[in-house]
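A.B. asks: Can you look at this prediction? I've put the sequence above it.
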Amino acid sequence: MTDTKRESTSSNRAAVIVTGASTGIGRATALDLASRGFDVFAGVRREADGDSVAAESSGAVTPVILDVTDAATIDGAALRVTDAVGDGGLRGLVNNAGIAEPAPLEIMPIDALRRQLEVNVVGQVAVTQAFLPLIRSAQGRVVNISSVGGRVASPALGAYAASKFAIEALSDSLRMELHQWGIHVSVIEPGSFGTEIWRRGGEAADSTIERVPEEKRRLYADLIAAVRRLARRTEQRGRPPDAVVRAIVHALTASRPRTRYVVGTDARIQMALARLLPDRAYDALVRRMLRSTG
């Protein structure tokens, strides 16, 4: 993997690491931060993805192999970044890597549920543990990418929502634990943006549902079809994640960053409705919305 786009970290530029930087929000964040003069370490799972991000960047991007479910790659990435930044430490860690494993809970294979939580929850904690010494050295910041699904659950997305609810709780605990070192922890809560997670989530759902016996699939056929239509519509809408990137940049650079950033009109509306409506009224609204996708 080449590092030709990256200048020496002996400069006074602040360094950050972004996980899940191959596509979507992670890639856009890595490129934006590099354009602002940060030394960016882009965590990717494949060398080709890292080379692609570095080639597209107008600034300093160093790809690092980092699979949040693989302790060896986490340790290797931490060692590589430590060697590069030295005593300067890290200005920020952006925990962005994540997946969606959509399926009704009754028919979700337990191994798929475990993978959902392993990537989106356990992996984020493992990465944070590995990089916190560098964050502490620079009195840096931790930015965790959650979702509107971290505050409001939806049918067929219960496992994904559970993982994001967990990120919300972990971030709250971490924020209080790290206060003594002046380390800020922020949570980004995007609504629906046209990123790869929707396409990949659809593919994961197809793969998961195919493993379920036909008689169980029939029980949820209408719901599965509605959720697939909604995911396709969101992907096709193709709203770029620019607003999410701006929130991440603010969390990393503002003198007083927010603890939470709700990003997107749809996210704000969804959270407001869930807060104001009784549970069963909100449930009925969601069912009506899913029917309207047909």
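C.D. replies: Great, that's in hand.

A.B. asks: which one is V185 nearest to, not counting chain neighbours?
C.D. replies: Of all residues not flanking V185 in the chain, R175 sits nearest, at 3.9 Å (CB to CB, 6 or more residues apart in numbering). (Glycine included, C-beta is placed from N, CA and C.)

A.B. asks: Run through who's touching the helix or strand where that neighbour lies.
C.D. replies: Secondary structure assignment for R175, by DSSP states H and E: helix 158-178. Contacts with helix 158-178, where a contact means CB atoms under 8 Å, 6 or more residues apart in numbering, come from 98, 100-105, 108, 112-113, 116-117, 119-121, 124-125, 128, 132, 142, 144-147, 149-154, 184-187, 201, 259.

A.B. asks: So which of these sit within strands?
C.D. replies: Applying DSSP state E to the contacts of helix 158-178, the entries found in strands are V142, N144, I145, H184, V185, S186, V187.

A.B. asks: list the contacts for T128?
C.D. replies: L93, N95, V142, L174.

A.B. asks: Against E214, how distant is V263?
C.D. replies: 40 Å (CB to CB, to the nearest Å).

A.B. asks: nope, T19 is what I meant
C.D. replies: Distance from T19 to E214, by CB to CB: 38 Å.

A.B. asks: Please say which of those two ends up with more neighbours.
C.D. replies: Neighbours per residue, other CB atoms under 10 Å: of T19 and E214, the larger number sits with T19, 30 against 6.

A.B. asks: ok, the more buried one touching V68?
C.D. replies: Yes: contact criterion CB atoms under 8 Å: T19 and V68 qualify, at 6.2 Å.

A.B. asks: circling back to that earlier point, from the ones in strands among the contacts of helix 158-178, which is closest to G43?
C.D. replies: I145 (12.6 Å; CB to CB).

A.B. asks: Which residue is the nearest non-sequential neighbour of the closest one?
C.D. replies: Nearest non-adjacent residue to I145 (CB to CB, 6+ apart): N96, at 4.5 Å.

A.B. asks: So which bits of stretch 56-64 are buried?
C.D. replies: S57, G59, A60, V61, T62, P63, V64 (16 or more other CB atoms under 10 Å).

A.B. asks: now G140: how far from A130?
C.D. replies: 14 Å.

A.B. asks: of these two, who's got more company?
C.D. replies: Shown here are G140 and A130; by other CB under 10 Å, G140 has more neighbours (25 against 22).
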